[in-house]
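>>> predicted coordinates and the sequence they were generated for:
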Amino acid sequence: MERTHKVCTICGETKSVSDFHFTVKERGYLASRCKPCAQEYARTYNHLRRLLHPGEVASADRWEAIRRKYGITQEDYEELFAAQDGVCAICGKEESNGKLSVDHDHETGDVRGLLCRLCNLGLSYWKDDPGLLLSASQYLSGVRV
């Protein structure tokens, strides 16, 4: 017999199983909290985390975002940073906040290096096109194409 209702452990209300998320750890099992209670818990928990440990949370969130987006760990980043002597791979300048951006190939996803914010934005504006960058370089050098 298929279960159609469940009691939320937070609000104590009996609700339809569609009002509960499935758990991440155990496939096919329903969470103990209903969706609204789970959302309120997450909101409160994250708010308290940021209030109590703002630097740690921001740092942990940053490394988790880098790991998810680029597939590199904090250690990988720090190795790249050290290999580049803590400066941008293009302009050779340090970033004022000490954090260089991870540059990656948008087609392959491969990490190319670490760049300052302006160089990273510049590459994105030029659509990672070496031909456009060469034309821009020639233009700035006074060579007309």
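Nice, I can see it. As the structure is a prediction and not an experimental result, all values here were calculated from the model.
>>> mind listing the helices for the protein?
Using DSSP state H, the helices found in the chain span residues 35-52, 54-70, 74-83, 117-125, 130-140.
>>> okay, now the unreliable bits of the protein?
Within the chain, the set of residues satisfying pLDDT under 70 comprises 1, 24-28, 49-58, 145.
>>> per-domain residue ranges of it.
Domain assignment for the chain by automatic domain parsing gives 5-39, 73-140.
>>> so can I have JSON lines of these showing distance to Ser59 and mean neighbour count?
Where C-beta positions appear, they are placed from N, C-alpha and C, glycine not excepted. Putting these into JSON lines (distance: least, Cβ to Cβ, whole Å; neighbours: other Cβ atoms under 10 Å) gives the following:
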{"stretch": "domain 5-39", "distance to Ser59": "24", "mean neighbour count": "13"}
{"stretch": "domain 73-140", "distance to Ser59": "9", "mean neighbour count": "14"}
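>>> as a markdown table, the helices of the chain with distance to Thr14 would be great.
Listed next are those as a markdown table, based on distance: least, Cβ to Cβ, whole Å:
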| stretch | distance to Thr14 |
| --- | --- |
| helix 35-52 | 13 |
| helix 54-70 | 36 |
| helix 74-83 | 45 |
| helix 117-125 | 51 |
| helix 130-140 | 62 |
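>>> I'd like to know which of the domains of the chain lies nearest to Arg67.
domain 73-140 (6.0 Å; Cβ to Cβ).
>>> gap between the two ends of the closest one?
Domain 73-140 stretches 38 Å from its first residue to its last (Cα to Cα, to the nearest Å).
>>> how far off centre is that domain?
Here domain 73-140 shows a centroid-to-chain-centroid distance of 17 Å under the convention Cα atoms, centre = their mean, to the nearest Å.
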